[in-house]
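# what follows is a predicted structure for the sequence shown.
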Amino acid sequence: MYSNWYVIQVQSKSEYRLCTKIKDRVSSSLYSDCFVPQAEYLYKKDGIFEKRIRPLFPGYIFVITDCIKDFYEALKKFDGFKRILKGGDDFVPISREEADFLAGITDGDRSIPMSSGYILNSKIIITSGPLVGNEGIIKKIDRHKRIGFVEFSFMGQPQLVKLPLEIISKS
């Protein structure tokens, strides 16, 4: 089983298509998984809320491999591929902590479901979903759009990422 998670930059809006091409055309002996981290967001259309799944990091896909140089050689042939993220001259995987965090908040489909909670005396309390116990990383909330801005380390840098979050009440 491979253990390193690498981030691949692709043309925006081609994440799912390129992931499918990789699964169809690259030998499975070079990697254990290729996926697009995604999240379930609620959108209001004509007064009705509907769930839509969107990429968590638009323009990026992830691959789990320990054969990154061989994988890169196979990947260079694909339209829509831009680059594998590097640190200096070497391809660099995300840290084990970053991979564990992403794996911990996503489900089996690598999707982040809606979290919900409430605000009591200016303190956020999450009652369900993957953000339970992670209230401290929520930096901002947009109750109207049902999203929380969460800060976590990604490729060694702090990133602010939108995650689905519904605040039921505020007092």
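On my side now, so go ahead. Residues are numbered from 1 along each chain as shown.
# and the strands in the chain?
Per DSSP state E, the chain carries strands over the ranges 5-10, 33-35, 38-45, 48-55, 60-64, 81-84, 86-87, 90-91, 111-112, 115-120, 123-128, 138-142, 147-154, 157-170.
# state the distance from residue 63 to residue 102.
Computed as Cβ to Cβ, to the nearest Å, the residue 63 to residue 102 distance reads 13 Å. Every residue, glycine included, has its C-beta placed from N, CA and C.
# kindly report the same for residue 6.
13 Å.
# looking at those two, which is more packed in?
residue 6 (23 against 19; other Cβ atoms under 10 Å).
# so the more buried one makes contact with residue 66?
No: under the criterion of Cβ atoms under 8 Å, residue 6 lies out of contact with residue 66, with a separation of 9.9 Å.
# check the gap between the residue nearest the centre of the chain and residue 110 for me.
With distances taken as Cα atoms, centre = their mean, the chain has residue 37 as the residue nearest its mean C-alpha position (3.5 Å). Per Cβ to Cβ, residue 37 is found 5 Å from residue 110.
# need the pLDDT of the residue nearest to residue 17 when sequence neighbours are not counted.
Distances taken as Cβ to Cβ, 6 or more residues apart in numbering put residue 80 closest to residue 17, at 7.1 Å, once the chain neighbours are dropped. Looking at residue 80, its pLDDT is 86.
# so what's residue 80 up against?
By Cβ atoms under 8 Å, 6 or more residues apart in numbering, the contact set of residue 80 is 10, 11, 14, 17, 18.
# which one of those residues has the most neighbours?
residue 10 (23 neighbours).
# what residue ranges in the chain score low on pLDDT?
1 (pLDDT under 70).
# domain ranges for it?
As assigned by automatic domain parsing, the chain contains the domains 1-113, 114-171.
# burial measure for residue 117, as a count.
Using other Cβ under 10 Å: residue 117 sits among 22 other residues.
# distance of the nearest residue to it once chain neighbours are set aside from residue 138?
Spatial nearest neighbour of residue 117, excluding adjacent residues (Cβ to Cβ, 6+ apart): residue 126 at 3.8 Å. Remark: distance between residue 126 and residue 138 (Cβ to Cβ) = 8 Å.
# intersection of neighbour lists for the two?
With Cβ under 8 Å, 6+ apart as the test, residue 126 and residue 138 both reach residue 165.
# hang on, the earlier thing: what is the nearest of the contacts of residue 80 to residue 31?
Nearest to residue 31 among the contacts of residue 80: residue 18, at 13.5 Å, using Cβ to Cβ.
# I'd say the closest one and residue 78 touch.
Yes: using Cβ under 8 Å as the test, residue 18 is close enough to residue 78 to be in contact (6.2 Å).
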